[in-house]
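# what follows is a protein structure lacking sequence information:
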């Protein structure tokens with residue numbers, strides 16, 4: 001498990017009632033839960049911790065933001081984002097870098 005601290009920029013391509021943003025940035029990921037478990041059927045065995053996972057790694061973030069303005073103060077957001085992790089593992093053979101694809105959504109309120 002990680003705590004993620006993102007730093008992203010949004011560029012508004014379309015800024016009308018329907019909006020479109022391009023999202024790009026970096027995240028710092030701090031390891032807080034390092035556990036390895038083996039699961040087979042209904043049985044789960046805790047194996048300990050992984051010894052090749054870095055305590056700090058980074059991700060490059062790219063995505064699109066789509067929003068709908070209900071009013072000048074309320075906006076609905078949907079953002080599919082691709083995150084490519086860097087510097088995740090140490091002492092490994094090869095160049096495996098994990099990635100994730102997430103869809104973030106919510107309401108924005110401006111005061």
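Nice, I can see it. Source: prediction; values computed, not measured. Numbers count the residues shown, from 1 in each chain.
# who does residue 29 bridge with?
Beta-bridge partners of residue 29, counted by DSSP bridges, are residue 4, residue 57.
# poorly predicted segments of the protein, please.
Within the chain, no stretch has pLDDT under 70.
# now the strands for it?
2-15, 18-31, 36-40, 43-48, 56-69, 74-86, 99-109 (DSSP state E).
# need the ones you listed in JSON lines with mean neighbour count and distance to residue 92, can you?
Quick note: C-beta positions are derived from backbone N, CA and C, even for glycine. Output for these, formatted as JSON lines (neighbours: other Cβ atoms under 10 Å; distance: least, Cβ to Cβ, whole Å):
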{"stretch": "strand 2-15", "mean neighbour count": "12", "distance to residue 92": "18"}
{"stretch": "strand 18-31", "mean neighbour count": "16", "distance to residue 92": "16"}
{"stretch": "strand 36-40", "mean neighbour count": "9", "distance to residue 92": "15"}
{"stretch": "strand 43-48", "mean neighbour count": "9", "distance to residue 92": "18"}
{"stretch": "strand 56-69", "mean neighbour count": "17", "distance to residue 92": "13"}
{"stretch": "strand 74-86", "mean neighbour count": "16", "distance to residue 92": "13"}
{"stretch": "strand 99-109", "mean neighbour count": "10", "distance to residue 92": "16"}
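# how about those in JSON lines, adding distance to residue 93?
Below are the strands of the chain laid out as JSON lines (distance: least, Cβ to Cβ, whole Å):
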{"stretch": "strand 2-15", "distance to residue 93": "23"}
{"stretch": "strand 18-31", "distance to residue 93": "21"}
{"stretch": "strand 36-40", "distance to residue 93": "18"}
{"stretch": "strand 43-48", "distance to residue 93": "21"}
{"stretch": "strand 56-69", "distance to residue 93": "18"}
{"stretch": "strand 74-86", "distance to residue 93": "18"}
{"stretch": "strand 99-109", "distance to residue 93": "19"}
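# distance check, the spatially closest residue to residue 28 that is not a sequence neighbour against residue 94.
Leaving aside its sequence neighbours, residue 28 sits nearest to residue 5 (Cβ to Cβ, 6 or more residues apart in numbering; 4.6 Å). From residue 5 across to residue 94, the span is 28 Å (Cβ to Cβ, to the nearest Å).
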